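Student: With the input below, show me the fold.
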Amino acid sequence: MNSPASALAKPPGSFAPLRQPVFAVLWAATVLGNIGSFMRDVASSWLVTDLSASPAAVALVQTAATLPIFLLAIPAGVLSDILDRRRFLIFVQLVLAAVSGTLLVLSHTGALTVEYLIALTFVGGIGAALMGPTWQSIVPELVPRAELKSAVALNSLGINIARSIGPAAGGLLLASFGAALTYGVDVLSYVFVIAALLWWRRPAAADSGLSENFLGAFRAGLRYTRASRELHVVLLRAAVFFLYASAVWALLPLVARQMLGGSAGFYGLLLGAVGAGAILGAVLLPRLRARLDADGLVLLASLIAAAVMGSLVLAPPQWLAVGLLLLLGVGWIIALTTLNGVAQSILPNWVRGRGLAVYLTVFNGAMAAGSLGWGLVAQQIGVPMTLLAGALGLALVAIGFHRVRLPAGEADLQPSNHWPEPLVAESVAHDRGPVMVQVEYRIRKEDRAAFVQAMQRLSMERRRDGAYAWGITEDAAEPERVMEWFLVESWAEHLRQHRRVSHADADVQAEAFRFHLGPERPVVHHFLALEARSAAAGDEAALT
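Tutor: Numbering: from 1, shown residues only. Model (predicted):
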């Protein structure tokens, strides 16, 4: 029998977030909206094969859908942190509804061309780029912290439910009633999403006085990305996987039509099988995690995807192709969930939206470049040989990059708030800067090498949390006196730096501080840039 304490510690169920009314309504609306989006994508991907037989033209539609996310994901992540997220999402939904409405009119009147289709797909990709980081950012606002992981898992489940229903329904509607009606159903889906967002009464955010502007937040996100070695590993592994795995997505319409002799309905069925496989993979994933670490899961997913691509080269019967795409969905969700989960686990809350936006940039950039590249290759050597090249390449790079280990993501990234407030003689304007922070240590000569190694690790924390320059020096007259310094662009950014330091960062700092001699903590100094105009005014006052 469980004790009361163990009962309280029991994690919430997988569907617990659906008991939160706002989350449940927005989750259901999102599922409907994604179903409509998948229906639109199926119609566009199939129509381009009617308008042009060129593999490059087919691949360009995929590129047009993913390239904007590559270009705009980071600005979108910044906007999600500085704008009212509810109003921003409503605006994006209106843009996407206008795109589908335009496609409806053009297809109904027979005026749709490859150029129009690619251009409107590109605008739709812009909407998707703006929407993605914002949807992820609002989840913590909708559920208690204890239910956050379950809410993220439900969002992934919702996407895969839409992926299993939308393509199949879109293919059936396209084959039975034409493209105009398919696009019309997508427009209707946005009505439900906008209504749900209007119904949600989002509380106004409190003004802490340290809110970031767009350019400052953008620079902070880029600084963090440059300084985070763990994030670099995740981005590298994601780029390699998606660059090669994109071959099957770019060429799937041609595989369905030319190699397998299928119709629009069959193409939708293939995409639906991927979605169903993703749901199956999500169910199997907890058991796989008990046996494999993140690196093993990515290797498994890569080999599954490579095996499916290689099997499609043989132009199997349609029923077997559906089974292969089901297996592809299993591999795809394993890779997607594992890489995204590792990225989430190594990002602190203050930069999570921007860090995930960088991840989305790499993901969609690899998909866009891969789609375009594989389309051009297929135009030269044919679809079957291109699929075979992609399968072999994916298997080889998966085995080769398996040695580049993904981070464990077990560090405590909650703010430690252990930095004392800086001492100031008078109030400092938030926009004043740059700021030089100096930390004075006393280090024995025999500890110097170990101390410098510890400080190199600490320097990465300083840069991630806001410093744009860092260094360490010694006193020529007194070598035991060592000075660490770093520069921050403004006083407000340094105050934000105080709030960003995590418990894991505190542990790194403590490792360096243990070499410091004396009972007192290292002395910290804050220096503010002195403007020439202010200095001249001070001299004039002294003379009078």
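Student: So for L181, what's the nearest residue that isn't a sequence neighbour?
Tutor: L173 (5.9 Å; CB to CB, 6 or more residues apart in numbering). For glycine as for every other residue, the C-beta is placed from the backbone atoms N, C-alpha and C.
Student: downstream neighbour of whichever strand or helix holds S156 in the secondary structure list?
Tutor: Element membership for S156, per DSSP states H and E: helix 148-177. From helix 148-177 onward toward the C-terminus, using DSSP H and E, the following helix or strand is helix 179-199.
Student: Now do the buried residues in that following helix.
Tutor: Residues 179-187, 189-190, 192-194, 196-197 are the ones in helix 179-199 that count as buried (16 or more other CB atoms under 10 Å).
Student: One more: stretch 103-112?
Tutor: Neighbour count says stretch 103-112 has 103-104, 106-107, 112 buried, by 16+ other CB under 10 Å.
Student: of all these, which comes closest to R201?
Tutor: If you rank the buried residues of stretch 103-112 by distance to R201 using CB to CB, L104 comes first, at 32.1 Å.
Student: Nearest spatial neighbour of that closest one, chain-adjacent residues omitted?
Tutor: L104's closest residue in space is Y183 (CB to CB, 6+ apart), at 4.0 Å.
Student: what residues does stretch 283-291 touch?
Tutor: When contacts are defined by CB atoms under 8 Å, 6 or more residues apart in numbering, stretch 283-291 is touched by residues 297, 300, 330, 333-334, 337.
Student: Quick one: neighbours of R405, just the number.
Tutor: 12 (other CB atoms under 10 Å).
Student: And A510, by the same measure?
Tutor: A510: 12 neighbours (other CB under 10 Å).
Student: shaky segments in the stretch 101-250 of the chain?
Tutor: 145-146, 148-150, 152-153, 163, 204-210 (pLDDT under 70).
Student: now this structure, which segments are flagged as low pLDDT?
Tutor: Ranges of the chain meeting pLDDT under 70: 1-14, 53, 81, 145-146, 148-150, 152-153, 163, 204-210, 532-544.
Student: Just put the contacts of stretch 283-291 in a markdown table and tack on secondary structure.
Tutor: Listed next are those as a markdown table, based on DSSP: H, G, I helix; E, B strand; the rest coil:
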| residue | secondary structure |
| --- | --- |
| L297 | helix |
| L300 | helix |
| V330 | helix |
| I333 | helix |
| I334 | helix |
| T337 | helix |
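Student: mind listing the helices for the stretch 1-150 of the chain?
Tutor: With DSSP state H, counting those that start in this stretch applied, the stretch 1-150 of the chain shows helices at 4-9, 21-51, 55-82, 85-109, 114-142, 148-177, listed in chain order.
Student: Just want the angle from the last one to helix 21-51.
Tutor: Calculated by axes from the mean of the first three to the mean of the last three CA atoms, to 10 degrees, helix 148-177 forms an angle of 40 degrees with helix 21-51.
Student: could you say what helices and strands helix 148-177 packs with?
Tutor: helix 21-51, helix 114-142, helix 179-199, helix 264-291, helix 318-345 (3 or more CB pairs under 8 Å, 6 or more residues apart in numbering; DSSP states H and E).
Student: residues of stretch 387-403 that come out buried?
Tutor: 387-391, 393-395, 397-398, 401.
Student: Same check on stretch 429-436?
Tutor: Quick answer for stretch 429-436 (16+ other CB under 10 Å): 433-436.
Student: In a markdown table: these, plus distance to V22.
Tutor: Listed next are those as a markdown table, based on distance: CB to CB, whole Å:
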| residue | distance to V22 |
| --- | --- |
| G433 | 40 |
| P434 | 42 |
| V435 | 40 |
| M436 | 46 |
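Student: Filter those residues down to the ones in strands?
Tutor: 435-436 (DSSP state E).
Student: quick one: the helix or strand harbouring F241 to chain centroid distance?
Tutor: Assigned by DSSP H and E, F241 falls within helix 229-254. Distance of helix 229-254 from the chain centroid (CA atoms, centre = their mean, to the nearest Å) equals 13 Å.
Student: G221 and V78, how far apart?
Tutor: Distance, G221 to V78, using CB to CB, to the nearest Å: 6 Å.
Student: who's more crowded, the two?
Tutor: V78 (25 against 22).
Student: That one contacts A217, doesn't it?
Tutor: Yes - contact criterion CB atoms under 8 Å: V78 and A217 qualify, at 4.7 Å.
Student: Touching both of these two, which residues are there?
Tutor: R354.
Student: ok, back up a step: just give me the closest of the contacts of stretch 283-291 to E147.
Tutor: Closest to E147, out of all of the contacts of stretch 283-291 and judged by CB to CB, is T337, at 18.2 Å.
Student: Contacts only, for the closest one.
Tutor: Counting by CB under 8 Å, 6+ apart, T337 has contacts 156, 281-282, 285.
Student: try L188
Tutor: With CB under 8 Å, 6+ apart, L188 has these contacts: G36.
Student: now V383
Tutor: 55, 251, 254-255, 258-259.
Student: 10 Å - rerun?
Tutor: Residues near V383 by CB atoms under 10 Å, 6 or more residues apart in numbering: 55, 58, 247, 250-252, 254-255, 258-259, 312-313, 315, 374-375, 377.
Student: quick one: the most centrally placed residue in the chain from A238, how far?
Tutor: In the chain, the centroid-proximal residue (CA atoms, centre = their mean) is L356; its distance is 2.9 Å. Separation of L356 from A238 (CB to CB) stands at 12 Å.
Student: got any residues that touch both of the two?
Tutor: 340, 343, 363.
Student: Run a quick neighbour tally on the residue lying closest to L297 once chain neighbours are set aside.
Tutor: Among residues not flanking L297 along the chain, T338 sits closest, at 4.5 Å (CB to CB, 6+ apart). Residues near T338, counting by other CB under 10 Å, number 27.
Student: ok, T338 to L292 distance?
Tutor: 9 Å.
Student: hang on, the earlier thing: tell me the one among the buried residues of stretch 429-436 nearest to G36.
Tutor: Taking the buried residues of stretch 429-436 together and measuring to G36 by CB to CB, the closest member is G433, at 47.2 Å.
Student: and the closest residue to that closest one other than its chain neighbours, what does it touch?
Tutor: Spatially, and ignoring its direct neighbours in sequence, G433 is nearest to S490 (3.6 Å; CB to CB, 6+ apart). Applying CB under 10 Å, 6+ apart to S490 gives the contacts 216, 428-435, 466, 496, 528-529.
Student: Throw the residues you listed into a markdown table and include distance to P203, thanks.
Tutor: Formatted as a markdown table, the contacts of S490 follow (distance: CB to CB, whole Å):
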| residue | distance to P203 |
| --- | --- |
| G216 | 24 |
| V428 | 31 |
| A429 | 30 |
| H430 | 25 |
| D431 | 28 |
| R432 | 32 |
| G433 | 32 |
| P434 | 35 |
| V435 | 33 |
| G466 | 28 |
| R496 | 22 |
| L528 | 36 |
| A529 | 38 |
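Student: Next step: those residues restricted to helices.
Tutor: Among those, the ones falling in helices (DSSP state H) are 216, 496.
Student: Which single one of the contacts of S490 is nearest to R85?
Tutor: For these, the nearest to R85 is G216 (18.8 Å; CB to CB).
Student: Assess the claim that that closest one and R354 are in contact.
Tutor: No - the criterion here is CB atoms under 10 Å, and G216 misses it with R354 at 11.7 Å.
Student: Quick check: neighbours shared by those two?
Tutor: By CB under 10 Å, 6+ apart, the residues touching both G216 and R354 are V78.
Student: Name the residue in these two with the higher neighbour count.
Tutor: In this view G216 and R354 are compared by other CB under 10 Å, and R354 has more residues nearby, 27 against 18.
Student: Please list all residues in contact with the residue nearest to A512 when sequence neighbours are not counted.
Tutor: The spatially closest residue to A512, leaving aside those adjacent along the chain, is A454, at 4.1 Å (CB to CB, 6+ apart). Residues near A454 by CB under 10 Å, 6+ apart: 447, 508-515.
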